[in-house]
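K.L.:
what follows is a predicted protein model with its sequence.
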Amino acid sequence: MKAVWNGATLAESEKTIIIEGNHYFPPNSITEAYFEKSDYSTSCPWKGKASYYTISVDGKKNKDAAWYYPDTKSAADEIKNYVAFWKGVEILE
């Protein structure tokens, strides 16, 4: 699977985990140069507190377009630090 935005491959892995229709990419599969930590966060009752990244490619920014759970609740331990995408990021096979 690949996560692509603005012509750049943000992440690529054969070992994504699908939860609630989202592909979660292993942390070592992302291209860190495109990711900037965001102050934004949300909370999920069973996964925990999500932290976000803003994606930056060729001078364009996609604010809070990726999220991950640095401290998961026990039900979501399998996706701890895995990264998922939205806001126009394409997930391709």
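P.N.:
Happy to help now that I have it.
K.L.:
CA only for contacts and neighbour counts going forward, please
P.N.:
Will do.
K.L.:
I figured A11 hits A3, correct?
P.N.:
Yes - contact criterion CA atoms under 8 Å: A11 and A3 qualify, at 5.1 Å.
K.L.:
what's the pLDDT at T16?
P.N.:
Per-residue pLDDT puts T16 at 98.
K.L.:
same question, S56
P.N.:
pLDDT for S56: 98.
K.L.:
number the chain from 36, please
P.N.:
All set: I'll call the first residue 36, so the last point we hit is now S91.
K.L.:
element containing it, please.
P.N.:
strand 83-92 (DSSP states H and E).
K.L.:
mind listing what that strand pairs with, with the direction of each?
P.N.:
Using DSSP bridges, the strands paired with strand 83-92 are strand 70-79 (antiparallel), strand 95-107 (antiparallel).
K.L.:
most tightly surrounded among those strands?
P.N.:
strand 95-107 (a mean of 19; mean count of other CA atoms under 10 Å).
K.L.:
following that strand, which helix or strand shows up next?
P.N.:
Downstream of strand 95-107, the next assigned helix or strand under DSSP H and E is strand 118-120.
K.L.:
next one: the nearest residue to Y75 once chain neighbours are set aside relative to Y59, how far apart?
P.N.:
Nearest in space to Y75, with sequence neighbours left out and distances taken as CA to CA, 6 or more residues apart in numbering, is Y87 at 5.9 Å. In this view, Y87 and Y59 are 13 Å apart by CA to CA, to the nearest Å.
K.L.:
if we can go back for a sec, tell me the pLDDT at the residue nearest to Y75?
P.N.:
Model confidence at Y87 (pLDDT) stands at 98.
K.L.:
so what touches stretch 38-49?
P.N.:
36-37, 60-61, 64-67, 69, 92, 120, 123-127 (CA atoms under 8 Å, 6 or more residues apart in numbering).
K.L.:
same thing but 7 Å
P.N.:
M36, K37, F60, S64, I65, T66, Y69, V92, V124, E125, I126, L127 (CA atoms under 7 Å, 6 or more residues apart in numbering).
K.L.:
residues of it that come out buried?
P.N.:
For stretch 38-49, a neighbour-count test (16 or more other CA atoms under 10 Å) marks A38, V39, W40, N41, T44, L45, A46, E47, S48 as buried.
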